[in-house]
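> the following block contains a protein sequence and its predicted model.
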Amino acid sequence: MNEPNTAPGYDRRTFLGGGAAAWALACAAPANQERTVAAPKTSTPRTGFPLLVGSANALVGMQRFYKDLADGGDPLDVAVEVCKVQEADPEDQSVGLGGLPNEDGVVQLDAACMYGPTHKSGAVACIENILHPSEVAKLVMQRTDHCLLVGKGAYEFARAHGFPHVELLTEASRKAWLEWKERLSSDDDWLQEREPPKPPKNASLESADWQRVASRSAWKRPTGTIHVSALSTRGEVACCTTTSGLAFKIPGRVGDSPIIGAGLYCDQECGSAGATGRGEASILANGSFAIVELLRQGAAPLDAAKEALRRVVRQAQRLSKWQPEMVDADGRPSFNLQFYTLDLSGRFAGVSLKGGKFAVADPERGPRHEELAVLDA
Ligand code: ASP
């Protein structure tokens, strides 16, 4: 990483302690007076330091388009172009063409983008037969007054803007879906009705329902998505996330990727963030928004992203009282989730529950993979 990812004089303890103290002070006002929260910090963006950070599969696109950013390109244009490389790649079964389909064998795509300078976003969800949902998301941002179009409406909007109708189900993805169906897999997303949790000691696990749920090999289906956050040479931030979502999902299911605040978020006052992995966990934590808010309060990218993951861990542990498969035998999340983030000063981080790589490109070392930081137990 280009710089130590902890701000001088800053650590998690002082951050959390300071935050708590500020909140206590803010709330100390008498009940009949207006209460204010400490004003957020706005930093001056670093200029002349073009930076991209994103999921590991963004590397190919970064290699192709980093030069555009370095030459003064718009950060949103570059983030979308990087994402489009994977959308058009039939080998990447997590996004666009060749993405794994839903339960019915239909490829439904989600994508969103956000632009710091105007604080505007655009998104599409459950869109079918359109090769580049990230580009459609950008058009929703630029050519409508809305943030999100879904399903048929999103498809019609894309067609009205000249996008061709494309069959996205490749032979490889159709075969993977057929095999999943033929195995009559219990690895799906339907949950049986159940009794409320009965603590302590998972007593309700003795019921047949719970045993079925607990024995499901849930969340082992292939997952993936592409996220890219960008900082331009002028210090503008933008981001884009695009995906075919959870493989063999319930038709109509929307993950975190097109949800502003969950699958991505940026704010020109502090930075940008995005997520890949179990979308429901990212939605429930509002992970990308949480990271950007932590940046605003002065956290360094690595600290902010790890703090968001810690919340995800605690939330999964609470949810496991209802859905035991959410945690493993050690009580850690059984699923994976990654966050990627950059701040206005050009610092960045990639964190994960389970490890792996992320992609980054900066003026010092160009496009490359780096190791994701993993939360300590
Ligand atoms: N986050 C995506 C979703 O939940 C899937 C993934 O990244 O694996 O739709």
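Cool, got the structure.

> and the residue nearest to R311 when sequence neighbours are not counted, what does it touch?
Spatial nearest neighbour of R311, excluding adjacent residues (CB to CB, 6 or more residues apart in numbering): A285 at 5.2 Å. C-beta here means a position set from N, CA and C on the backbone, and glycine is covered the same way. Applying CB atoms under 8 Å, 6 or more residues apart in numbering to A285 gives the contacts 262, 308, 311-312, 315.

> let's see which of those end up in helices.
Members of these lying in helices (criterion: DSSP state H): 308, 311-312, 315.

> secondary structure element for the most centrally placed residue in the chain, which one?
Taking CA atoms, centre = their mean, the centroid of the chain lies closest to A275, which sits 2.0 Å from it. Secondary structure from DSSP states H and E places A275 in strand 271-277.

> strand partners of that strand, parallel vs antiparallel please.
Here strand 271-277 is paired, per DSSP bridges, with strand 264-267 (antiparallel), strand 337-343 (antiparallel).

> so how far is the longest one from its chain's centroid?
Taking the mean C-alpha point of strand 337-343 and that of its whole chain, the gap between them comes to 8 Å (CA atoms, centre = their mean, to the nearest Å).

> and it, what's its mean pLDDT?
For strand 337-343, mean pLDDT is 98.

> same check on stretch 58-78?
pLDDT averaged over stretch 58-78 gives 98.

> how about stretch 291-298?
Stretch 291-298 comes out with an average pLDDT of 96.

> which residues does the residue lying closest to the residue nearest to the centre of the chain once chain neighbours are set aside contact?
Spatial nearest neighbour of A275, chain neighbours left out: S282 (4.3 Å); criterion: CB to CB, 6+ apart. Counting by CB under 8 Å, 6+ apart, S282 touches 255-256, 262-263, 275, 288, 312, 337.

> where does the prediction get shaky in the stretch 151-300 of the chain?
Scanning the stretch 151-300 of the chain for pLDDT under 70 picks out the ranges 184-187, 194-220.

> which positions in it make contact with the ligand?
223-225, 243, 245-246, 255-257, 276-277, 279 (CB under 6 Å from any ligand atom).

> the stretch 251-377 of the chain: strands as residue ranges?
Here the stretch 251-377 of the chain has its strands, by DSSP state E, counting those that start in this stretch, at 264-267, 271-277, 337-343, 348-352, 357-362, 366-371, 373-374.

> what of the stretch 51-200 of the chain?
In the stretch 51-200 of the chain, the strands defined using DSSP E, counting those that start in this stretch lie at 51-55, 109-115, 120-127, 148-150.

> could you list the buried residues of stretch 291-300?
291-296, 298-300 (16 or more other CB atoms under 10 Å).

> now do it: distance from first to last residue.
Counting by CA to CA, to the nearest Å, you get 10 Å between the two ends of stretch 291-300.

> hang on, the earlier thing: which one among the contacts of S282 gets closest to R143?
Set against R143, the nearest of the contacts of S282 by CB to CB is G263 (21.5 Å).

> what's near enough to touch the closest one?
Counting by CB under 8 Å, 6+ apart, G263 touches 110, 112, 225, 227, 241, 243, 255-257, 274-275, 279, 282, 288.

> I'd guessed A373 sits against L353; true?
No: if you go by CB atoms under 8 Å, A373 and L353 don't touch, sitting 10.8 Å apart.

> those two: who's more crowded?
Using other CB atoms under 10 Å as the criterion, A373 and L353 rank with L353 on top: 23 against 19.

> backbone phi and psi for the more buried one, please?
Main-chain torsions, L353, degrees, to the nearest 10: phi -80, psi -30.

> what's the answer for F163, then?
Main-chain torsions, F163, degrees, to the nearest 10: phi -70, psi 130.

> how about the helices in the chain?
Under the criterion DSSP H, helices of the chain are mapped to 12-26, 59-70, 75-87, 133-143, 151-160, 171-182, 208-215, 279-285, 287-296, 301-319.

> buried deepest among those helices, which one?
Most buried of the helices of the chain by mean neighbour count (mean count of other CB atoms under 10 Å) is helix 75-87; its value is a mean of 27.

> by how many degrees do that helix and strand 366-371 diverge?
Relative orientation of helix 75-87 and strand 366-371, computed by axes from the mean of the first three to the mean of the last three CA atoms, to 10 degrees: 70 degrees.

> show me the contacts for the residue nearest to the centre of the chain.
By CB under 8 Å, 6+ apart, the residues touching A275 are 225, 227, 241, 256, 262-264, 282, 287-288, 337-340.

> who wins for neighbours among these?
Of all those, the most densely surrounded is T241 (37 neighbours; neighbours counted as other CB under 10 Å).

> and for the nearest residue in space to R221 that is not next to it in sequence, the neighbour number?
Excluding the flanking residues, the one nearest R221 by CB to CB, 6+ apart is A247, at 4.4 Å. Close neighbours of A247, defined as other CB under 10 Å, add up to 21.

> ditto for G355
13.

> then stretch 316-326 to PDB, C-alphas only?
Extracted in PDB, the C-alpha atoms of stretch 316-326 (Å, rounded to 0.1, in the frame of the first residue of the first chain):
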ATOM      1  CA  ALA A 316     -24.000 -12.500  11.700                       C
ATOM      2  CA  GLN A 317     -23.600 -13.800  15.200                       C
ATOM      3  CA  ARG A 318     -26.900 -12.300  16.200                       C
ATOM      4  CA  LEU A 319     -28.600 -13.600  13.100                       C
ATOM      5  CA  SER A 320     -27.300 -17.100  13.700                       C
ATOM      6  CA  LYS A 321     -29.700 -17.400  16.600                       C
ATOM      7  CA  TRP A 322     -32.300 -17.500  13.800                       C
ATOM      8  CA  GLN A 323     -30.200 -18.900  10.900                       C
ATOM      9  CA  PRO A 324     -27.600 -21.200  12.400                       C
ATOM     10  CA  GLU A 325     -25.800 -21.600   9.100                       C
ATOM     11  CA  MET A 326     -24.700 -18.000   9.200                       C
END
